[in-house]
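Student: sequence and predicted model, in that order:
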Amino acid sequence: MASINQERWVKSLQSNYGVPSITLVKGRGSMVTDSNGKEYLDLLGGIATNILGHAHPQISKAVSKQMKTLGHVSNFYMHPNVLELAEELQSMTGDTRARVFFCNSGAEANESALKLSRRTGRFQIVASEGSFHGRTMGALSLTGQPSKRDPFKPLLTGVKHVPYGDLKAMARAVTKQTAMVIVEPILGEAGVVTPPMGYLSGIREICDRSGALMVVDAVQTGMGRTGQWFGYEDEGITPDVITIAKGIGGGLPLGAMIALGKTSHLLKPGDHGSTFGGNPVACASALAVIRVLKKESILTKVLADEKFLKTELAKVNGIKEVRGKGLLLGIVLKRKLALELKDMLEERGILVNAPTTSVIRIAPALNISGKEIKRFLAVFDMSMNEVLHV
Ligand SMILES: *Cc1c(COP(=O)(O)O)cnc(C)c1O
C-alpha cells in the first residue's frame with residue numbers, strides 16, 4: 001500500500017524516478033533514520049556522495065560558518081575558499097600546471113571536459129560500453145548505456161563506444177581525429193566493473209600516440225573512495241583531464257574538471273562558465289572533507305576496510321566474486337537475487353543498492369566504523385543464506 005508520502009510524491013514530482021518507499025529525516029555518521037523512527041546503516045551514502053557520512057561535525061561547522069559569513073559571490077569575484085580548494089586539488093594531481101574549473105555535478109564536469117576537448121580542433125570521442133557519465137545531452141552522448149540514450153536520440157555525433165577493459169578495441173577506435181577518450185577507473189553504475197590491470201596505462205599510451213586527450217571520469221571513484229585520491233594512481237599514469245563530483249562536496253553539490261599539463265590552458269576566456277561553480281559554501285564543505293581525510297589518514301583505513309570486507313565476504317555462501325577497490329565494492333552473486341537481497345537488507349535496517357539483478361553495490365562513508373562493517377557482514381551473511389533458500 002502506498003504511504004501518504006508516496007502519494008504526495010506521485011502528485012508533485014515527475015515520474016522520472018521510481019517512487020521511493022522510505023522517507024529519510026535525519027542522519028549521523030553512517031546511520032540514518034526514517035520518518036517512522038526506524039534506523040538504518042547506510043552503505044550507499046547518497047550514492048557515494050556522503051564521503052564522511054551524515055552531519056559530520058566539522059563539515060556542518062564549516063558550512064554553517066561560511067553560510068553565515070558569505071553565501072555566494074559568483075565568478076566575477078574571488079573567494080578564499082575557491083583558491084584554497086583549487087590549490088588542494090592541484091596538489092592531489094601532483095601537477096603544478098593543473099588548472100581547476102568548478103561546477104555543481106558530475107554531468108557538468110563531463111560536459112566541461114567535452115567542451116575543452118573541442119578546443120583541440122577535433123571532435124571525435126571514444127567512450128566505453130556500459131559507462132555512465134551523466135544525464136545531460138553531452139554527458140548522455142558519452143554514456144554507454146542504450147536504455148538511457150535511445151529515447152533521446154539524436155545525441156552528439158562522433159562518439160564511439162568500445163567494450164570496457166579491451167585495449168585492442170580501444171586501439172582500433174582511437175585515431176588521429178580523436179579529441180578525447182573518456183574512461184571510468186571502475187564502472188560504477190554498471191555494477192562496479194574493474195578493468196584488467198594495465199588498462200588505464202594502455203589507454204594512456206594509445207592517447208599519446210594519437211594525440212587524443214585522456215579524460216578520467218573519477219566522479220564516483222574520486223576523493224579517496226578507492227584508497228587513492230582519484231582511482232587511477234595505481235596505474236602510474238597522469239591523465240590529461242580528471243572529472244570529479246559526488247564525494248568532493250561531502251553531501252553538497254559540487255563538481256570539478258581538472259585539466260593537467262598542456263591541456264590546462266585549452267579553454268580560453270569566455271569559453272565556459274557556471275554561476276554556482278565554486279560556491280563558497282560548497283567549497284567550505286569540500287575543504288572540511290579534505291582536511292578530515294588527511295588528518296585522520298582515512299585513505300589508509302579505506303584500504304584496510306577493503307581487505308577485511310573482501311576476506312570476510314569470501315566466506316559467505318552464494319557469492320561469485322567481490323569487485324571494486326577501497327569502499328566502492330560490487331558483491332557479485334551467483335544467482336540473480338540482488339533485488340530480493342536488497343529488500344531483505346532494507347527490512348533489517350541496512351541500505352545498499354542493486355545496480356544489476358546480480359550485483360549488490362556498497363559505497364559507504366569512508367569513516368564507517370569497524371563495528372558497523374561487522375554488523376553489515378553479519379546481517380548480510382544471514383540474509384544471503386535466507387534468500388538462497390526461498
Ligand atoms: C554519478 C556519475 C556521474 C554523473 O554525476 P551527476 O552528479 O549525477 O551528474 C558521472 N560519472 C560517473 C562515473 C558517475 O558515477
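Tutor: Happy to help now that I have it.
Student: need the residues of the stretch 51-200 of the chain near the ligand, please.
Tutor: For the stretch 51-200 of the chain, the residues in contact with the ligand (Cβ under 6 Å from any ligand atom) are Ser105, Gly106, Ala107, Asn110, Phe132, His133, Gly134, Glu184, Gly188, Glu189. For the C-beta atoms, the positions are set from N, CA and C on the backbone; glycine is no exception.
Student: one more time with 8 Å
Tutor: 104-110, 131-136, 139, 184, 187-189 (Cβ under 8 Å from any ligand atom).
Student: are any of the residues you listed buried, and which?
Tutor: 104-110, 131-134, 139, 184, 187-189 (16 or more other Cβ atoms under 10 Å).
Student: for Ala256, state which of these is nearest.
Tutor: Ala109 (6.1 Å; Cβ to Cβ).
Student: so what touches the helix or strand the closest one falls within?
Tutor: Element membership for Ala109 (DSSP states H and E) is helix 106-118. Outside of helix 106-118, the residues within contact range by Cβ atoms under 8 Å, 6 or more residues apart in numbering are 101, 103, 125, 133-136, 138-139, 142, 156, 179-180, 182, 213, 215, 217, 219-220, 241, 243-246, 255-257, 259, 263, 266-267, 271-272, 274, 277.
Student: then stretch 143-159?
Tutor: 114, 123-135, 137-138, 140-142, 161, 164, 189-190.
Student: now stretch 46-59
Tutor: By Cβ under 8 Å, 6+ apart, the residues outside stretch 46-59 that reach it are 26-32, 42, 45, 188, 220, 223-225, 246-251, 285, 288-289, 291-293, 328, 353, 363, 365-368.
Student: tell me the mean pLDDT over it?
Tutor: Mean pLDDT, computed over stretch 46-59, is 97.
Student: what are the buried residues along it?
Tutor: Gly46, Ala48, Thr49, Asn50, Ile51, Leu52, Gly53, His54, His56, Gln58, Ile59.
Student: quick one: contacts for the residue nearest to the second one when sequence neighbours are not counted?
Tutor: Right, Ala48. In space, and not counting its chain neighbours, Ala48 is closest to Ala363: 3.9 Å by Cβ to Cβ, 6 or more residues apart in numbering. If you count contacts by Cβ under 8 Å, 6+ apart, Ala363 has them with Leu43, Leu44, Gly45, Ile47, Ala48, Gly188, Gln220, Arg225, Leu327, Leu328, Leu329.
Student: and the residues you listed, which are buried?
Tutor: Leu43, Leu44, Gly45, Ala48, Gly188, Gln220, Arg225, Leu327, Leu328, Leu329.
Student: show me what the closest residue to the ligand within the stretch 251-390 of the chain bridges to in the sheet.
Tutor: Closest residue of the stretch 251-390 of the chain to the ligand, Cβ to the nearest ligand atom: Gly255 (6.5 Å). Gly255 has these beta-bridge partners by DSSP bridges: Cys103.
Student: same question for the one 4 residues further on.
Tutor: Here Ala259 sits in beta bridges with Arg99, Val241, as judged by DSSP bridges.
Student: looking at it now. What's its pLDDT?
Tutor: Predicted confidence (pLDDT) for Ala259: 98.
Student: about what we covered before: do you know how far the residue nearest to Ala48 is from Ala282?
Tutor: 20 Å (Cβ to Cβ, to the nearest Å).
Student: please apply the same query to Leu351.
Tutor: Taken as Cβ to Cβ, the span from Leu351 to Ala282 is 25 Å.
Student: and what of Tyr164?
Tutor: 31 Å.
Student: looking at these two, which is more packed in?
Tutor: Ala282 (27 against 22; other Cβ atoms under 10 Å).
Student: host element of that one?
Tutor: Judged by DSSP H and E, Ala282 forms part of helix 280-295.
Student: show the average pLDDT along the helix or strand that comes right after that helix.
Tutor: On the C-terminal side of helix 280-295, the closest following helix or strand by DSSP H and E is helix 298-313. What helix 298-313 shows for mean pLDDT is 98.
Student: cool, and stretch 332-345?
Tutor: 98.
Student: buried stuff in that stretch?
Tutor: Quick answer for stretch 332-345 (16+ other Cβ under 10 Å): Val332, Leu333, Leu337, Ala338, Glu340, Leu341, Lys342, Met344, Leu345.
Student: mind listing what the third one touches?
Tutor: So the one you mean is Leu337. Contacts here follow Cβ under 8 Å, 6+ apart; on that basis Leu337 touches Gly318, Thr357, Ser358, Val387, Leu388.
Student: now list the buried members of the residues you listed.
Tutor: Buried subset of these (neighbour count, 16+ other Cβ under 10 Å): Ser358, Val387.
Student: now do the nearest residue to Leu142 once chain neighbours are set aside against Gly231, distance only.
Tutor: Nearest non-adjacent residue to Leu142, counting by Cβ to Cβ, 6+ apart: His133, 4.1 Å away. Per Cβ to Cβ, His133 is found 15 Å from Gly231.
Student: Pro364 now?
Tutor: 16 Å.
Student: just Ala86 next, same as before
Tutor: 20 Å.
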